[in-house]
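Undergrad: 3D, please:
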Amino acid sequence: MKRLLTPKLIFGLVMVGLLASALAVSLFLGSPARSHAASNNSPEGSWLLNVTITSDHPPFKFQALMTYDAGGGLVVTDQTDFNPQGLTSPGHGAWVSTGEDHFATTWIAFFFDAQGNPAGMVKVREVDTLSADGNTFSGSATFNAFDANGKPVLSGTTIEHGKRIKVEGV
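TA: So this is what the prediction gives:
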């Protein structure tokens, strides 16, 4: 029997959901007219990530978008959120500084079966380190997926490398 809830699908779905939420918050609430890049020791702002699920063999790679809010909020989305076998909501969560140039996040996303029925949720816990100039970061994460009844169905690990999204001239 083919397994519908693969680690790649679940993590991808979660990442896409998070990004969509971040975009919605930015569009509806706006953002201050200042550069978050000026704060080298904070992840505030939006990032393009290269993610590798290291617990898969062979490892699975994809890109994600993450937006870190000044108040500690987090929204995530990724390239696998709209997989035909199942959809994932934007991921929503929180981040906190854990020391100079270090931060941790926890976020959650819902996933659905191919017919759009609720199928469960995934929780991701991540630790990251900012570069000295504050424009890149690297880190690792663990994820745990649960079915609609809260029973654990999958877990895994990732590594990620992020690059800050900056305003570009027209």
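Undergrad: Restricting to C-alpha, output stretch 145-164 in PDB.
TA: Extracted in PDB, the C-alpha atoms of stretch 145-164 (Å, rounded to 0.1, in the frame of the first residue of the first chain):
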ATOM      1  CA  ALA A 145       3.500  14.800  12.200                       C
ATOM      2  CA  PHE A 146       0.300  13.700  13.900                       C
ATOM      3  CA  ASP A 147      -2.900  12.200  12.300                       C
ATOM      4  CA  ALA A 148      -6.300  13.900  12.800                       C
ATOM      5  CA  ASN A 149      -6.600  12.100  16.200                       C
ATOM      6  CA  GLY A 150      -3.300  13.400  17.500                       C
ATOM      7  CA  LYS A 151      -1.400  10.000  17.000                       C
ATOM      8  CA  PRO A 152       2.200  10.400  15.900                       C
ATOM      9  CA  VAL A 153       2.700   9.200  12.400                       C
ATOM     10  CA  LEU A 154       6.000  10.500  11.200                       C
ATOM     11  CA  SER A 155       9.100  12.400  12.400                       C
ATOM     12  CA  GLY A 156      12.300  13.600  10.800                       C
ATOM     13  CA  THR A 157      15.100  16.100  10.700                       C
ATOM     14  CA  THR A 158      16.200  18.900   8.300                       C
ATOM     15  CA  ILE A 159      18.900  21.400   7.700                       C
ATOM     16  CA  GLU A 160      18.300  24.800   6.200                       C
ATOM     17  CA  HIS A 161      20.200  27.700   4.900                       C
ATOM     18  CA  GLY A 162      18.400  31.100   4.600                       C
ATOM     19  CA  LYS A 163      19.100  34.300   2.700                       C
ATOM     20  CA  ARG A 164      17.500  37.500   3.700                       C
END
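Undergrad: Report the mean per-residue pLDDT for that stretch.
TA: For stretch 145-164, the mean per-residue pLDDT is 97.
Undergrad: buried residues in it?
TA: A145, F146, V153, L154, G156, T158, E160, G162, R164 (16 or more other C-beta atoms under 10 Å). No exception for glycine: its C-beta is placed from N, CA and C like everyone else's.
Undergrad: Next step: these restricted to strands.
TA: With DSSP state E as the criterion, strands contain A145, F146, V153, L154, G156, T158, E160, G162, R164 from among those.
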